[in-house]
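Q: From the sequence below, what's the structure:
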Amino acid sequence: MKKWMGLVLLVMLVLLAAGCQNQEKKVVIASKPMAESYIIAEMMGQLIEANSDIKVEYKMGIGGGTSNIQPAMEASEIDIYPEYTGTGWLFVLKNELVTDPETLYEGVKSQYQEKYNFAWLDRYGFNDTYALAMDKSKADSMGINTFSDLAAQSNNLSLGAEYDFYEREDGYPGLVTAYGFNFKETKELDIGLKYKAIGEGQVDVINNFSTDGLLAEYDLKVLKDDKGFFPAYEAAPVIRQEILDKYPELKAILNQLGGKINDQEMQQMNYYVEKENRDAGDVAAEFLKAKGLL
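A: Next comes the predicted model:
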């Protein structure tokens, strides 16, 4: 009899433990397969675990990025991930181009809520959009700070960019129309060789993304798109509303990052991961501590 009672008690304890595990508070955070996304996902996860009893499961480096993360969010397999306003607006929602950053953010925020029941939280502060860059010392000596400044002196300069940038209407042809660029030479360069080419003086200007880690290594100056030709790609957390309703504290926790990361800071962190092979989690923790968030 005692043997049976012991067995029953053991079964009850196992069931109780299983029940506790099922009730564990948990969220799943995903990232795209690039340094910037790894770093931001780590920041979100570390803030959540430091400020709540919610455990974080990471699904890092999802191949295909948004094209696979979005359906996984819709299937409730992922709860939170960092996304870009321009990507959400153009790629997910398939809307026409909007150049004003505030209009874009409010539009993507509203339509995601209505169509998917996903919430966009506060933007981090950096804009990972297309840009043009020059050697900093050369740009400063020529007084070039903006695309318009560059256009005025473009006949003395050469541009290097990948093939499709010269073909896309939202690339070089559109820039020529908007700014009147007239470079003395344009070169087609493999995307992986652009920085080497400008570093060796083969070209004077390259197209880039504004938070590329290599900008710091080559001491390049990102020029201001003063007519707002390129759309904004401002990063922010996207979270399923169901999860936000379940854990309402997440909004305040994640919004601590709102406006805290500028382009230069994101460039530097990307450099640490991409070129110095530092761990994204360590880089994220270092940044959060420096900002007084950890």
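
Q: C-alpha from now on. contacts and neighbour counts both.
A: Will do.

Q: surely Leu257 meets Tyr124?
A: Yes. Using CA atoms under 8 Å, Leu257 is in contact with Tyr124, at 5.7 Å.

Q: what's the span of stretch 74-82, first residue to last?
A: Distance across stretch 74-82, first residue to last, is 15 Å (CA to CA, to the nearest Å).

Q: list the contacts for the nearest residue to Gly88 once chain neighbours are set aside?
A: With sequence-adjacent residues excluded and distances taken as CA to CA, 6 or more residues apart in numbering, Gly88 is closest to Val108, at 6.5 Å. By CA atoms under 8 Å, 6 or more residues apart in numbering, the contact set of Val108 is 85, 88-89, 93.

Q: Spatially, which two of these are the most separated?
A: Between any two of the contacts of Val108, the greatest separation by CA to CA is 10.5 Å, found for Thr85 and Leu93.

Q: how's this structure carved up into domains?
A: Per automatic domain parsing, the structural domains of the chain span 27-127+232-290, 130-222.

Q: Looking at Thr85 and Leu93, which is more packed in?
A: It is Thr85, of Thr85 and Leu93, that has more neighbours when counted by other CA atoms under 10 Å, with 26 against 14.

Q: sorry, back to before: which stretch in the domains of the chain is the model least sure about?
A: Least confidently modelled of the domains of the chain is domain 130-222, at a mean of 92 by mean pLDDT.

Q: Distance from the chain centre to that domain, please.
A: On the basis of CA atoms, centre = their mean, to the nearest Å, domain 130-222 sits 22 Å off its chain's mean C-alpha point.

Q: related to what we said a few turns ago, in three-state terms, label the residue nearest to Gly88 for me.
A: The three-state label given to Val108 by DSSP: H, G, I helix; E, B strand; the rest coil is helix.

Q: So it versus Glu114, what's the distance?
A: Val108 sits 10 Å away from Glu114, taking CA to CA as the criterion.

Q: now do Asp128
A: 26 Å.

Q: likewise Leu244?
A: Distance from Leu244 to Glu114, counting by CA to CA: 15 Å.

Q: Show me which of those two is the more surrounded one.
A: Remark: of Leu244 and Glu114, Leu244 carries more neighbours, 16 against 11, as counted by other CA under 10 Å.

Q: residues contacting that one?
A: Leu244 touches 250-251, counting by CA under 8 Å, 6+ apart.

Q: Do me a favour and get the backbone dihedrals for it.
A: Backbone torsions of Leu244, given as degrees, to the nearest 10, read phi -70, psi -40.

Q: That one and Phe118: what is the separation?
A: 9 Å.
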